[in-house]
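S.K.: Structure here, sequence nowhere to be found:
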């Protein structure tokens, strides 16, 4: 691949733009603890939580992010409790997507109890949108991140870390951090606009530029890379990811996206190598396992070895069992079970996934909408599946890279179900529009 060269001048500029992090407070002494911060979140906000994990790491904090560090097969509740007790501070990610007050109250009460012990424990809410905090937490400390949908940076990230330390933000920190905030806000508007317009050239230009937003924190540059993946511009995405790896070498999200791009390019063994390394390092979140599972499915299509397909299905199933709200791994576990001839399990899993995506009929959110179409197809509801896929393609016509994979999966399901040529043509007609 033709990676964009990164010279000493660019590295120097990145160091200058990252100077705002010199005002980030150091984590408190651990006094025998393993983690500086425990990140509590729900699966719908996983991408933002991963961005927080990367940002804290860049600032020198060692954070716990549930399935990154949990041991497969361990008792989830006990493992989380142990990790929380082994942390010096905490953050609770809160949004309209995750307003599960029972979960939140349990996490908050545990953190509050830790705060009452000798040595103390500070926790902060990260509010991602306009959803008000639950009644029991209205008096708790929070930082408003609704202007930072791509992930935390700038002034509010510093405020969050200060809150976890129980100290105030130094006034001189605001000047540099505000510069990051202002440029990041403008950059994200351009990136979102380029994705909406299907403009891969603009995304590449943004992702390889030396502007402060792209070099000061990992969120914007990774948003540009992910946008290129969505558009199907995989080699351009690799150029941006190579640059991200230079300036943010510790970014877990960058490694995930690297594995995704390699898998989309058909370099399945390379993708398996990248994602297996992450898994071996203890990263067992559904997205890591899902990308790894998809790569093993690619190997199956290359080799025809059923063991590779079984490996794929088992990884998807393990991820879904670990997080029963993760519809992506659930629907893929269902489809791979169908391909293995395990129709009862496929039907059961599809029925479990349906309530998780039943509100995706308007197709505003692409992935739940795609999943709903696949559930209908697995349930042999051909007309509903075709109509749902058409809604998705009409609503998201530039997401060619994502939707071509969805169409490929739909075709395999049609073949396995032995649908008639007419039925298959109805299901596949929306995807044909992407290449016309």
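M.R.: It's in. No experiment lies behind these values; they were computed from the predicted model shown.
S.K.: residue boundaries of the strands in this structure?
M.R.: Secondary structure of the chain (DSSP state E): strands located at 37-40, 63-65, 89-94, 122-127, 142-144.
S.K.: pLDDT below threshold where in the stretch 101-250 of the chain?
M.R.: 101, 118-119 (pLDDT under 70).
S.K.: tell me the contacts of the residue lying closest to residue 390 once chain neighbours are set aside?
M.R.: The shortest distance from residue 390 to any non-neighbouring residue, by CB to CB, 6 or more residues apart in numbering, is to residue 430 (4.3 Å). For the C-beta atoms, the positions are set from N, CA and C on the backbone; glycine is no exception. Residue 430 sits next to 386, 389, 390, 392, 393, 394, 407 when contact means CB atoms under 8 Å, 6 or more residues apart in numbering.
S.K.: go on, residue 391?
M.R.: With CB under 8 Å, 6+ apart, residue 391 has these contacts: 361, 362, 363, 369.
S.K.: Format the residues you listed as JSON lines; extra columns: pLDDT.
M.R.: Converted to JSON lines, the contacts of residue 391 look like this (pLDDT from 0 to 100):
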{"residue": "361", "pLDDT": "74"}
{"residue": "362", "pLDDT": "77"}
{"residue": "363", "pLDDT": "72"}
{"residue": "369", "pLDDT": "95"}
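S.K.: Sort out for me which of the contacts of residue 430 are in helices.
M.R.: Judged by DSSP state H, the contacts of residue 430 include 386, 389, 390, 392, 393, 394, 407 as members of helices.
S.K.: related to what we said a few turns ago, would you list the contacts of residue 391 in TSV and tack on neighbour count and distance to residue 285?
M.R.: Below are those laid out as TSV (neighbours: other CB atoms under 10 Å; distance: CB to CB, whole Å):
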residue	neighbour count	distance to residue 285
361	15	28
362	10	28
363	20	26
369	23	23
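S.K.: now the strands of the chain as TSV including distance to residue 402 and mean neighbour count?
M.R.: Compiled in TSV, the strands of the chain are given as follows (distance: least, CB to CB, whole Å; neighbours: other CB atoms under 10 Å):
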stretch	distance to residue 402	mean neighbour count
strand 37-40	27	25
strand 63-65	25	23
strand 89-94	25	26
strand 122-127	27	23
strand 142-144	30	17
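S.K.: Can you pull the domain assignment for this structure?
M.R.: Following automatic domain parsing, one finds the domains of the chain at 26-166, 288-432.
S.K.: As TSV, the ones you listed with distance to residue 186 would be great.
M.R.: What follows is these, written out as TSV (distance: least, CB to CB, whole Å):
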stretch	distance to residue 186
domain 26-166	12
domain 288-432	21
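S.K.: rank those by pLDDT, which is bottom?
M.R.: Ranked by mean pLDDT, the domains of the chain bottom out at domain 26-166, with a mean of 84.
S.K.: Can you check the distance spanned by it, start to finish?
M.R.: By CA to CA, to the nearest Å, the extent of domain 26-166 from end to end equals 12 Å.
S.K.: out of the domains of the chain, nearest to residue 195?
M.R.: Between residue 195 and the domains of the chain, the shortest gap by CB to CB is with domain 288-432, which sits at 7.0 Å.
S.K.: quick one: which of the strands of the chain is nearest residue 247?
M.R.: Closest approach to residue 247 among the strands of the chain (CB to CB): strand 63-65, 19.8 Å.
S.K.: Which residues does the closest one contact?
M.R.: Taking CB under 8 Å, 6+ apart as the rule, strand 63-65 contacts 34-39, 41, 49-50, 52-53, 56-57, 83-84, 86-87, 285.
S.K.: Swap in 10 Å and give it another go.
M.R.: 27, 33-41, 46, 49-50, 52-57, 69-70, 80, 83-84, 86-87, 89-91, 252, 283, 285 (CB atoms under 10 Å, 6 or more residues apart in numbering).
S.K.: Distance from stretch 138-145 to the middle of the chain?
M.R.: The chain centre lies 23 Å from the centre of stretch 138-145; the measure is CA atoms, centre = their mean, to the nearest Å.
S.K.: Span of it from start to end?
M.R.: End-to-end for stretch 138-145, by CA to CA: 16 Å.
S.K.: Which one of the contacts of residue 430 sits in the busiest neighbourhood?
M.R.: Scoring the contacts of residue 430 on neighbours with other CB atoms under 10 Å, the highest-scoring entry is residue 389 at 28 neighbours.
S.K.: I'd like the distance from it to residue 83, if you could.
M.R.: Noted for residue 389: a distance of 41 Å to residue 83, by CB to CB, to the nearest Å.
S.K.: do residue 284 as well
M.R.: Residue 284 is 13 Å from residue 83, by CB to CB.
S.K.: Would you mind telling me which of the two has more residues around it?
M.R.: Neighbour comparison, residue 284 and residue 83: the larger count goes to residue 284, with 20 against 17 (by other CB under 10 Å).
S.K.: Isn't the more buried one up against residue 66?
M.R.: Yes. Using CB atoms under 10 Å, residue 284 makes contact with residue 66 at a distance of 9.1 Å.
S.K.: what touches both of those two?
M.R.: Among the neighbours of residue 284, those also in contact with residue 66 (CB under 10 Å, 6+ apart) are 322, 323.
S.K.: Would you check how far apart the residue nearest the centre of the chain and residue 287 are?
M.R.: Nearest to the geometric centre of the chain sits residue 47, at 3.3 Å (CA atoms, centre = their mean). Distance, residue 47 to residue 287, using CB to CB: 8 Å.
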